[in-house]
Structures are given as C-alpha cells and as structure tokens.
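Need coordinates for the below:
(one chain, ligands or ions: 2)
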Amino acid sequence: MSVYTSVTPEQLDAFFGAYDLGQVVDYAGIPDGIANSHYAVATTQGDYVLTLFEAQNGEELTPVIGLMQRLGTRNPLYPNPQADKQNRLLLNLNGKPTLVCKRLAGRSIVSPTLDQCRQIGTQLARLHLDTRDCTFPIASHHDVLSIKALFEQVENQLSAGDRELILSELQFQSEHEQQALPGGVIHGDLFRDNALFADGQISGILDFYSACSDHWLRDIAVCANDWCRDYGIFNTQKLTALLSGYETLRPLSAIEHQHCNRMLRAASLRFWLSRLVHHYSNRPAALSQPKDPFVFKDLLVQHRHAAHA
Ligand SMILES: Nc1ncnc2c1ncn2[C@@H]1O[C@H](COP(=O)(O)OP(=O)(O)OP(=O)(O)O)[C@@H](O)[C@H]1O
Ligand SMILES: N[C@@H](CCO)C(=O)O
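Numbers count the residues shown, from 1 in each chain. Ligands and ions are numbered 1, 2, ... in the order given. Next up is the predicted model:
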C-alpha cells in the first residue's frame, strides 16, 4: 500500500485502454500499508483502485484473485476485481502483476468503538461462513514453523532479552499447537486499515493478499490484536464486543475458547516478527508509513501475563 512502483499518466492511460472502464481523469498514490503499490484512479465511469503487486507473481495471486472474485460478485462489501476487454483479471504494468478493483466507499478508522468491534466480528464470521466450502491452496503463514522462519531472518539483530522472550514463546506455542481447531479460508490481515466504514457502518473489507488456509480462531486473534488495543493496551471489553459480533453467526466451540489466549499470543509474536523483517529489509518506497514492531512485543507480554493472571 506504500508506493514502490511509479506510474506515469501516459502509462495509466494506455493501461486503462485495455479495459471498458472509461478514460482516466485523475489518479493519486495511496500511502497506507506496506506490501504493494496502490493508486486511486478516477475515470469517466467511476472510481477504481489499481494494485501493483510487488512480491507475488501471477501464479501465486491466482487463488487470491479467484477468492476475491467469488466474494466480490456476491457481497458489495468486498472489492470486485475488474476484467479487461479480453476477460483477463491480472495484467502487467511496469513489470508487475496489476489488478483493478472497484473503489469501495468509506474510510478506515483509528479508534473503533465497541459497536465497530462488534461489526467487524460479525463480518469476520460471515467471511468464514461464506468461504466454508472453498478449498484454498495457500498454506498457513502464521503457524509455528512460519513464525520460526521469520525469527531466523532477524535473530541476529535482536537483543538477548528479546531473543529469550521469543524462544520461550516459540517453545510454548510448539507444545500447545492444536490441529483440532476448526478452520478454512482466513483473511489473515484484518487490521483496522483493511476495513472501511461509512456513517458508522462497515462498508468494505480489503486486502485479501494474506489469505491462507488456517484455523478460524487465528483470524479472530489477528483481528482482535489490532482492533481491541487502545494506546498499546489490550482492551478486553472490545474483545468481548468483537467475539459477541462473531458469535451471532458462528458460536465458538469449547476448544476455541480454551485456545483464545494462546492464539492472541501467537498472532502478537507473528506480527512483531513480520514487522521486524520488513523493518530490516530496507525496501525503498516513494510513499510509506513504517509500522512499529514493538507494539506487538508489548501485546505479547500483556497476553502472557493475562494467561498467568
Ligand atoms: N477496493 C478498494 N476500495 C477502496 N480503497 C481501497 C481498495 N483497495 C485498496 N484500497 C486502499 O488502499 C489501501 C491499501 O490496500 P491493501 O490493504 O489491499 O494493500 P496491501 O499493500 O496489500 O496492504 P498491507 O500492507 O496491509 O498488506 C487500503 O488501506 C485502502 O485505503
Ligand atoms: N497488517 C500488517 C501489515 C501487512 O501484513 C501489519 O500491520 O504489520
């Protein structure tokens, strides 16, 4: 969502010439996020978002775009990928696989209310139920092995204290991974900046590029760690609101309740490490908003304390 790849007006005009979406009248880079380059594009027919994928290739993206298309054609909350005149969804711009989606209304929120936490919980359950019958070929990138792989990339940059904390948590997670938890397709990154609200109501769910097959509880934990946090402190009232929204559509099983704290810990560790990996990768971007890895270290410590309280 930072802008890594520049696009000139001429390139954009030529690119949109392949579609039946009107003529480009305006465009601007979107600075949020860290993975891909995005432009908001206004044409004579409507508003679109252009995404240039910085790391994934067409083959890797095919299942995700198929998922988006399935969701986007059924529910207006999801971005609907647009096909060009030859019925292709993924084209090439500046050497990057590129997708055009309808631009959804609304804005992301910084401080969600209890009601907005409840709404995101309900939408997450809806997403899980809507994709129940899908087999999705992308394996989890949140399980213990994936977290260990992230750790190995940054291990040498860490303080002795942080290394000890991470190794202790990895040991705990390895001992308690539970394959019997229910699951299917997960969004994998449902942070506040990946949801839009208009007039207090949820109007969009974005960014399916981290979707994978995993436990649904993982998705709840990833989402809760971002939505239920005020000034760095985990807000259990917000967690209760999020879960109550979720459980209106899919009540959690006893085993999911038992593993809730462990999943919150796993998700904290995973995003602490993924942000550190990004921090040390030094990727140059024209527009970028760096994300603080240590927010998730603090959250991990809080969840560990809560487990022993
Ligand atoms: N269909 C859309 N409608 C409205 N805004 C959108 C749409 N797609 C993307 N955006 C805007 O672009 C931003 C970046 O999109 P997205 O989250 O999909 O990108 P990303 O680079 O994969 O992000 P991340 O770093 O979180 O993985 C969003 O936060 C939102 O502001
Ligand atoms: N949402 C992630 C970035 C994309 O995976 C974060 O805030 O670290």
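
what are the phi and psi angles of the residue nearest to A28 when sequence neighbours are not counted?
Spatially, and ignoring its direct neighbours in sequence, A28 is nearest to A40 (5.4 Å; C-beta to C-beta, 6 or more residues apart in numbering). For glycine as for every other residue, the C-beta is placed from the backbone atoms N, C-alpha and C. A40 adopts backbone torsions of phi -90, psi 130, taken as degrees, to the nearest 10.

Bridge partners for A40, pull those for me.
Beta-bridge partners recorded for A40 (DSSP bridges): A28, V49.

Distance of it relative to L273?
31 Å (C-beta to C-beta, to the nearest Å).

So between those two, which is more surrounded?
L273 (25 against 14; other C-beta atoms under 10 Å).

separation between the residue nearest to A28 and ligand 2?
19 Å (C-beta to the nearest ligand atom, to the nearest Å).

ok, now which ones touch that residue?
Y27, A28, I30, D47, Y48, V49, R103 (C-beta atoms under 8 Å, 6 or more residues apart in numbering).

pLDDT value on it, please?
You'll see A40 listed with a pLDDT of 95.

any idea how far the strand or helix carrying L300 is from the chain center?
Using DSSP states H and E, L300 sits in helix 294-308. Its chain's average C-alpha position is 21 Å from that of helix 294-308, according to C-alpha atoms, centre = their mean, to the nearest Å.

And the contacts of that helix?
If you take C-beta under 8 Å, 6+ apart as the criterion, helix 294-308 is touched by 162, 165, 169, 225, 229, 232-234, 261-262, 264-265, 268-269, 271-272, 275.

try it again with 7 Å
Contact partners of helix 294-308, identified using C-beta atoms under 7 Å, 6 or more residues apart in numbering, comprise 169, 225, 229, 232, 234, 261, 264-265, 268-269, 271-272, 275.

Just send those back as TSV, with neighbour count and distance to ligand 1 too.
Shown next, in TSV, are the contacts of helix 294-308 (neighbours: other C-beta atoms under 10 Å; distance: C-beta to the nearest ligand atom, whole Å):
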residue	neighbour count	distance to ligand 1
E169	22	24
N225	25	14
R229	21	16
G232	11	20
F234	19	21
N261	16	25
L264	26	20
R265	24	22
S268	25	17
L269	27	18
F271	25	11
W272	26	16
R275	21	11
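
farthest-separated two in the residues you listed?
With C-beta to C-beta as the measure, no two of the contacts of helix 294-308 lie farther apart than N261 and R275, at 21.5 Å.

List the residues that contact the residue of the stretch 151-300 of the chain found nearest ligand 1.
Of all residues in the stretch 151-300 of the chain, D207 sits closest to ligand 1, at 3.1 Å by C-beta to the nearest ligand atom. By C-beta under 7 Å, 6+ apart, the contact set of D207 is D189, N194.

shaky segments in the stretch 201-309 of the chain?
Applying pLDDT under 70 to the stretch 201-309 of the chain flags residues 282-289.

Test my guess that W272 contacts H279.
No. Using C-beta atoms under 7 Å, W272 makes no contact with H279, being 10.6 Å away.

tell me, what's touching the two both at once?
In terms of C-beta under 7 Å, 6+ apart, W272 and H279 are both contacted by the residues P293.

re the thing from before, now intersect the contacts of helix 294-308 with the strands, please.
Cross-referencing these against strands under DSSP state E gives R229, F234.

Same list, the contacts of helix 294-308, but only the ones touching ligand 2.
Taking C-beta under 6 Å from any ligand atom as the test, ligand 2 is in contact with F271, R275 out of the contacts of helix 294-308.

The contacts of helix 294-308 in helices, which ones?
Counted as lying in helices by DSSP state H, out of these, are E169, N225, N261, L264, R265, S268, L269, F271, W272, R275.
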